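J.: Task: produce atomic coordinates for the following.
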Amino acid sequence: MSIFLSNMPEYAAMILFGIGLSNLMLAKNLIKKIIGLNIMDTSVFLFLAAKGYVDNTIAPIVTVSDLGHIDSALYTNPVPAGLVLTGIVVSVSVTAVLLSIVVRLNEEFHTLDIDEIIRILRKRDREDLQ
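T.: Numbering: from 1, shown residues only. Model (predicted):
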């Protein structure tokens, strides 16, 4: 039971990833697909943060008085936190671009339903061929 409790953030990340993936695959509305993608991003950030956390460690700030006896096992690895921060910035940027594309698609086709947009595009292609 303690193994389950100690890995709880990883399980939560997997469940969130599944929710986001199913939303991304099953939703027809483009806004809902973007929300599913954001849930998947968040689950990856949670997983990285959970894997980067180590009990009984301190921030990797070395002072002059510590230079004589540095033990790397005492310090938390800062790379996972840096990856999560970078990922959040990229995720926000991708979301902004996707939402601007969705706004443009809504102006053009007057719908956010992906199946309806594909139907309209196929109809336009048939008309262009004739």
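J.: C-alpha from now on. contacts and neighbour counts both.
T.: Fine.
J.: Pull out the buried positions in the longest helix belonging to the chain.
T.: Counting residues, the longest helix found in the chain (DSSP state H) is helix 79-109. Residues of helix 79-109 classed as buried: Pro80, Ala81, Val84, Gly87, Ile88, Ser91, Thr95, Val102, Leu105 (neighbour count, 16 or more other C-alpha atoms under 10 Å).
J.: what separates whichever helix or strand comes after it from the chain centre, distance-wise?
T.: Sequence order places helix 114-129 as the next helix or strand after helix 79-109, per DSSP states H and E. Chain-centre distance of helix 114-129: 32 Å, with C-alpha atoms, centre = their mean, to the nearest Å.
J.: tell me the average confidence for helix 114-129?
T.: In this model, helix 114-129 has a mean pLDDT of 94.
J.: do the same with stretch 36-53
T.: Stretch 36-53 shows an average pLDDT of 94 in the prediction.
J.: Dump the C-alpha coordinates for it into PDB.
T.: Listed next in PDB are the C-alpha coordinates belonging to stretch 36-53 (Å, rounded to 0.1, in the frame of the first residue of the first chain):
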ATOM      1  CA  GLY A  36      -7.800  18.100 -24.000                       C
ATOM      2  CA  LEU A  37      -4.300  19.000 -25.300                       C
ATOM      3  CA  ASN A  38      -3.800  21.300 -22.400                       C
ATOM      4  CA  ILE A  39      -4.900  18.600 -19.900                       C
ATOM      5  CA  MET A  40      -2.300  16.300 -21.500                       C
ATOM      6  CA  ASP A  41       0.400  19.000 -21.200                       C
ATOM      7  CA  THR A  42      -0.500  19.500 -17.600                       C
ATOM      8  CA  SER A  43      -0.300  15.800 -16.900                       C
ATOM      9  CA  VAL A  44       3.200  15.700 -18.300                       C
ATOM     10  CA  PHE A  45       4.300  18.600 -16.200                       C
ATOM     11  CA  LEU A  46       2.900  16.900 -13.100                       C
ATOM     12  CA  PHE A  47       4.800  13.700 -14.000                       C
ATOM     13  CA  LEU A  48       8.100  15.600 -14.500                       C
ATOM     14  CA  ALA A  49       7.600  17.500 -11.200                       C
ATOM     15  CA  ALA A  50       6.800  14.300  -9.300                       C
ATOM     16  CA  LYS A  51       9.800  12.500 -10.700                       C
ATOM     17  CA  GLY A  52      12.100  15.500 -10.000                       C
ATOM     18  CA  TYR A  53      11.100  15.700  -6.300                       C
END
